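> After the sequence you'll find the predicted model.
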Amino acid sequence: RFSLTYLTSAASWYPSYDVRFADNTSPLKLTYTANITQQTGLDWEDVMLTISSATPQRGNLRPVIRPEIIDFADRIRRDSAPPRRVLDTSQLPTAGQLGIVAVSGYVRDAATGEALPGATIHSPESNVGISADVNGFFRLDVPSNTKSLQIRFVGYEMVHVPIERRQMEIGLRASRFELNEVVATGLAGVAYGVSIRGTSSQQSRDRHDMEAPETVTSEVTEQELNFSYKISTPYSIPTGGRPVTVRFHEEMAQAEYRYISVPKLDGRVFLVAEIADWDSMNLLAGMANVFMENNYTGRTHIVPGAFDEPMSIALGNDARIVIEREPLPGGRSRNFFGNRVRETHAWEITIRNTRNSAVDVTIEDQVPLSGDSSINISVQRRSGAEHDQDTGKLIWNLSLEPNETRTLVFEYRIEYPSGRRIVRW
């Protein structure tokens, strides 16, 4: 008897989450899910799984900073440039000489343009594949004679895309039927949570009202450079790139809740949870399904932030807080003063709390910044907003009683030389 161990690049996983909460005073329950795919050509039957945060495909060569010199252009001669120490690669074959080409691009929802993180990109001809990152981006090295790629994502129709260029934009269309075929061995039935895309059937709505599915136990190990989870239950992972979902860990997190709105960009008010001690939770960036009292409310992103800042999770919009942003009547003008032009812009923001309880709301807007010293921008009114002069951001922190309506006005003035046209960018 002997044991055979092999290393393959044709297997991958990406994280996703379920976020559950009862109200804006309760803790958050985060359920971690591994979406595992493999295209080795062999079905994995009842295997023990360990998933890791390591990314060996990125390589381990650290970047090296080189001297950077500032001088006048007419003083620099090519023969006087300081020598640079570089690796001599003249004797090494290039990727092209090896018959390898890199194909990259983005996988998105064809209807909404939304990124599809974790979509699997597979070359059936060479049996290599990769998963798209949290932005839907992928980069795959394939033999130069590869003709097409196979693209899959849970809840979407699989497509075969011909390789006509090295950079690709791939749009997937939601499928009503494939959702019902996704079965994860060991989860006692259909994989829960994958039916949220591309269907309006009663069966799909019923799933969103289900209690949280059972999470298998796992043992976490934190190494010097990464962490891993050893899953206690064996799973079967078929070849072919169809994801198998494994719920392997749960965390209860204390959160501070607040409402945020940016009416210039979106006329809704969002409930946001902020977690202060997220750095102890072994989180990776990924998509999350949000449930309030076991009712599915939408999807959001888990994006761990800076180490000294809390992590924010958008939980959905509250239609009971209504906000509008409109130009203030008579608040826009344009006049000439000598050789200068003066423009005035004024906006009115109205917000109303129709809930039966008080809420704290943060409203963000902005004043433009000058891109030239001859363009002067000054704030005339801001209704008590904090003004960050480096970014132009205006921030109001409001406490609204039930059925209270508040009106905010801000106004700014732009002055610039006559005969010149200004643009916003």
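Alright, I've got the coordinates. Numbers count the residues shown, from 1 in each chain.
> what about stretch 163-176, average pLDDT?
The predicted model assigns stretch 163-176 a mean pLDDT of 84.
> Same question for stretch 54-69.
The model assigns stretch 54-69 a mean pLDDT of 65.
> gap between Pro143 and Arg152?
Distance of Pro143 to Arg152, given as CB to CB, to the nearest Å: 21 Å. Where C-beta positions appear, they are placed from N, C-alpha and C, glycine not excepted.
> nope, Ser12 is what I was after
In this view, Ser12 and Arg152 are 12 Å apart by CB to CB.
> next one: Ser104
18 Å.
> okay, these two: which has more neighbours?
Arg152 (24 against 13; other CB atoms under 10 Å).
> surely the more buried one meets His122?
Yes - in this structure Arg152 lies within contact range of His122 using CB atoms under 8 Å: 7.3 Å.
> got any residues that touch both of Ser12 and Arg152?
Contact criterion CB atoms under 8 Å, 6 or more residues apart in numbering; residues shared by Ser12 and Arg152: Thr120.
> Can you name the residues that contact Gly118?
Tyr14, Ser16, Asn35, Ser131, Ala132, Phe153, Pro243, Gly286, Met287.
> if we go to 10 Å?
Gly118 is in contact with 12-16, 35, 37, 107, 131-134, 136, 152-154, 243, 286-287, counting by CB atoms under 10 Å, 6 or more residues apart in numbering.
> again, but for Arg381
Leu328, Gly331, Ala346, Trp347, Leu408, Val409, Phe410, Glu411, Tyr412.
> just to revisit the earlier point, mind listing the shared neighbours of Arg152 and His122?
Contact criterion CB under 10 Å, 6+ apart; residues shared by Arg152 and His122: Thr37, Gly129, Ser131, Met158, Gly240, Gly241.
> which one of those is nearest Ala319?
Ser131 (35.2 Å; CB to CB).
> What's the local residue count around that closest one?
Neighbours of Ser131 (other CB under 10 Å): 23.
> so which strand or helix has the closest residue to it other than its chain neighbours?
Leaving aside its chain neighbours, Ser131 sits nearest to Ser12 (4.6 Å; criterion: CB to CB, 6 or more residues apart in numbering). Here Ser12 sits within strand 11-21, counting by DSSP states H and E.
> Which elements pack onto that strand?
strand 28-38, strand 50-52, strand 128-131, strand 244-253, strand 270-275, strand 286-292, strand 295-302, strand 311-317 (3 or more CB pairs under 10 Å, 6 or more residues apart in numbering; DSSP states H and E).
> Identify each buried residue in the last one, please.
The neighbour-count criterion (16 or more other CB atoms under 10 Å) identifies Met311, Ser312, Ile313, Ala314, Leu315, Gly316, Asn317 as the buried residues of strand 311-317.
> residues in contact with Ser53?
Per CB under 10 Å, 6+ apart, neighbours of Ser53: Pro15, Glu222, Gln223, Leu225, Asn226, Phe227, Ser228, Tyr229, Asn282, Leu283, Leu284.
> Just give the number of residues close to the last one.
Look at Leu284: counted by other CB under 10 Å, it has 15 neighbours.
> Identify the bridge partners of the closest residue to it other than its chain neighbours.
Of all residues not flanking Leu284 in the chain, Pro15 sits nearest, at 4.7 Å (CB to CB, 6+ apart). Note on Pro15: beta-bridge partners by DSSP bridges are Ala34.
> what residue ranges in the protein score low on pLDDT?
For the chain, the stretches flagged by pLDDT under 70 are 55-64, 68-100, 126-128, 154, 175-216, 223-225, 305-308.
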